[in-house]
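> mind folding the following:
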Amino acid sequence: MNGKNNMKSGRTLLMTLALAMAAVSPAGAAEQMKQEAAGNGFSLHGFGTLGLARTDDDDAQFVRDLSQPYGLTSRWSAKVDSMIGLQAGYQFNDKLEAVLQAVSRYHSEGNFAPEVSWAFLRYDPDPTASLRIGRLGTEFYMLADSRLVGYANLTVRPPPDYFGPLVLSYVDGIDGAKSIPLGNGLLRGKLFAGISPEKMYLGSGLYWDMSGSLVAGGHLDYLTGPWQIRIGQTRVRFDKGPPINEFAGLPDFTDQVPEMEVAGKWTTYDSLGLVYDNSPFQLQLMLSRIDQGSAAFEDSRAGYVIASYRTGNVTPFIGYSRTKSEAARFTSTPPFPYGAYATALSESTHADQHTWFLGARWDLRKDLDLKAQVDWINGSPNSVFPYREEKIPGWDGDMTVFSLALDFVF
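Okay, here's the model as predicted:
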C-alpha cells in the first residue's frame, strides 16, 4: 500500500513540475501574474528541480540528508532530488513585508506532501537592519538556507557528507540581523531562536518527535571584494529524545544508562565557511563540528571544498568532502546487558568516509540549468549513519552515485 502511495505522489510531483516548467516561459502565466501584481505589492515566485539519480550498490540506500526515510538504489529514481517550491510575498511598504513559502519534497513521511517552510513578517527599520518573526529556515551552516533551491547551488545537491545530518529545516521563532561597514568590507551579524516543529524517521517504523526542541544561535559574516567568510554556532536542546527504549527492547534502558538520554541535552553545531567568487572562478570551503550532548549519537567533524571555472554557459566543477565521527565515551560501565546495547546503538550513528565528486552545470538560460554529476564515495564498512537500510554483512562503505538534474526558477 505504501509503495502505491509513493508511486502516486511521485507521479503527482512530476506532473506539477511539468506544469511549472511551462510557466518558466517569459510569456507564461506566472510572469504575467508577477507583472499584474507589481502594483499592489504582491509577488509570486517559484523554484524546482527534476532530478534523476542512481547508485551502483544495493547494500545501502543513498539519501540527500537524514530527513529522507529511504534513498537511492541501483535503479534510477526521481524521489531524492526532485522538489518544487512556491513563495508568495506582500510588500506593505518599504519597511514591512510578509512572506509565505511551501515546498513539496521527499521527506520523513515518505511522500511529497507540501510543507510550509517559511511564513514570516519582516521589518526593516533601516537598510542595515532587519527583524523577522514566524516560521524561518534554519541557518546552521553557510549556504544552508538555500540548500533546497537547486538553481542557487552549483552542484546537483549540497554535499551530504557535510549537510546530511541537518534534519531541522525550519523553526518557529525570531531572528535579527545587522550590517556595519568595517575596513574595506561589510560585517554582518545575525542572531536567531525558535522552536522546532519537525520529526525524523529512524528506521524500523520508529520516528523521533523533535517538536518543542529549542534552537538558538548566530553567525558573523565578513564580505570584502570577492571574499565572504562566516563563523557560526547553533545549539539545539531537544525536548524529547528518540525512542531508544523501543530500539533496545528494554523499557528501563535510559534509566540504567542515563548517558544515552537525549531529552534536555544540548547539541552544538560549530561552522566555518569561506566563499571566493571572482568570475569565472569560484571556490567554496566549509568546515563543521557537531558535539552531541548524549552518548546516543557520536560527535562528528565534516568539511568540503568545491572549485569551479565557468566557460561560456558551462561551469565544470570538482569537489571533495569528508565526514568522520568519534566513538562515544561512557564515564561508567553500564550493567549487563545494557552496555552492549548502548555501544551498538551509539555505533549505529557512526560515519567515516570521503567523497570525490565531478560534474558540470549548463545554464540553458537565465532561469534554467542542467547538471550532471558523479560521486565516488569511499568509506569504512561501519560508516552507516549517512545511509538508510544498510545490509550487514554486505555493505563495504564504497558507492558511486550518478545524478542528473534540471533546475528552474520562475
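
> check which helix or strand the residue nearest to Leu272 when sequence neighbours are not counted maps to.
In this structure, Leu272 finds its nearest non-sequential neighbour in Leu287, 4.7 Å apart by C-beta to C-beta, 6 or more residues apart in numbering. To be clear about C-beta, it is placed using only N, CA and C from the backbone, and glycine gets the same treatment. Element membership of Leu287 [criterion: DSSP states H and E] is strand 281-291.

> all strands for the stretch 1-150 of the chain, in order.
For the stretch 1-150 of the chain, applying DSSP state E, counting those that start in this stretch gives strands covering 42-55, 61-62, 83-91, 96-105, 115-126, 129-137.

> remind me what the third one packs against, helices and strands.
Applying 3 or more C-beta pairs under 8 Å, 6 or more residues apart in numbering; DSSP states H and E, we find strand 83-91 packed against helix 2-23, strand 42-55, strand 96-105.

> average pLDDT for the second one?
Translated: strand 42-55. For strand 42-55, the mean per-residue pLDDT is 97.

> cool, the first one as well?
Looking at helix 2-23 alone, the average pLDDT works out to 43.

> helices along this protein, start to end?
2-23, 29-37, 160-163, 244-248, 253-256, 338-347 (DSSP state H).

> off-centre distance for the last one?
Pointing back at helix 338-347 there. On the basis of C-alpha atoms, centre = their mean, to the nearest Å, helix 338-347 sits 28 Å off its chain's mean C-alpha point.

> what's that helix packed up against?
Identification of packing neighbours for helix 338-347 by 3+ C-beta pairs under 8 Å, 6+ apart yields helix 244-248, helix 253-256.

> quickly, which of these bottoms out on average pLDDT?
Mean pLDDT is lowest for helix 244-248 among those, at a mean of 78.

> buried sites along that helix?
244, 247-248 (16 or more other C-beta atoms under 10 Å).

> any chance of the residues you listed in CSV, plus distance to Thr400?
Shown next, in CSV, are the buried residues of helix 244-248 (distance: C-beta to C-beta, whole Å):
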residue, distance to Thr400
Ile244, 34
Phe247, 31
Ala248, 35
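
> which of these lies closest to Val384?
Compare each of these with Val384 using C-beta to C-beta and the shortest gap goes to Phe247, at 14.3 Å.

> quick check: the closest residue to that closest one other than its chain neighbours vs Pro165, distance?
Take Phe247 and drop its neighbours on the chain: the residue closest to it by C-beta to C-beta, 6+ apart is Leu345, 6.1 Å away. To Pro165, Leu345 is 17 Å away according to C-beta to C-beta, to the nearest Å.

> which stretches of the chain have low pLDDT?
By pLDDT under 70, the low-scoring segments of the chain are 1-40.

> apply 90 and report the result again.
In the prediction, the chain carries residues with pLDDT under 90 at positions 1-40, 144-146, 202-206, 243-257, 328-345, 392.

> do I have it right that the residue nearest to Phe247 meets Val262?
No - the criterion here is C-beta atoms under 8 Å, and Leu345 misses it with Val262 at 11.2 Å.

> residues that sit against both of these two, list them.
Common contacts of Leu345 and Val262 (C-beta atoms under 8 Å, 6 or more residues apart in numbering): 244, 296.

> pick out whichever of these two has more residues nearby.
Remark: of Leu345 and Val262, Val262 carries more neighbours, 23 against 20, as counted by other C-beta atoms under 10 Å.

> test my guess that the more buried one contacts Ser294.
Yes - using C-beta under 8 Å, Val262 is in contact with Ser294, at 4.6 Å.

> common neighbours of those two, please.
Counting by C-beta under 8 Å, 6+ apart, the common neighbours of Val262 and Ser294 are Gly241.

> beta partners for the residue nearest to Glu298 when sequence neighbours are not counted?
Spatial nearest neighbour of Glu298, chain neighbours left out: Ser325 (3.8 Å); criterion: C-beta to C-beta, 6+ apart. Beta-bridge partners for Ser325, by DSSP bridges, are Ser300.

> can you redo the helices and strands packed on helix 338-347 as JSON lines with distance to Glu298?
Shown next, in JSON lines, are the helices and strands packed on helix 338-347 (distance: least, C-beta to C-beta, whole Å):
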{"stretch": "helix 244-248", "distance to Glu298": "14"}
{"stretch": "helix 253-256", "distance to Glu298": "17"}
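
> what's the closest of the ones you listed to Pro159?
helix 244-248 (28.6 Å).

> I appreciate the help and will end here.
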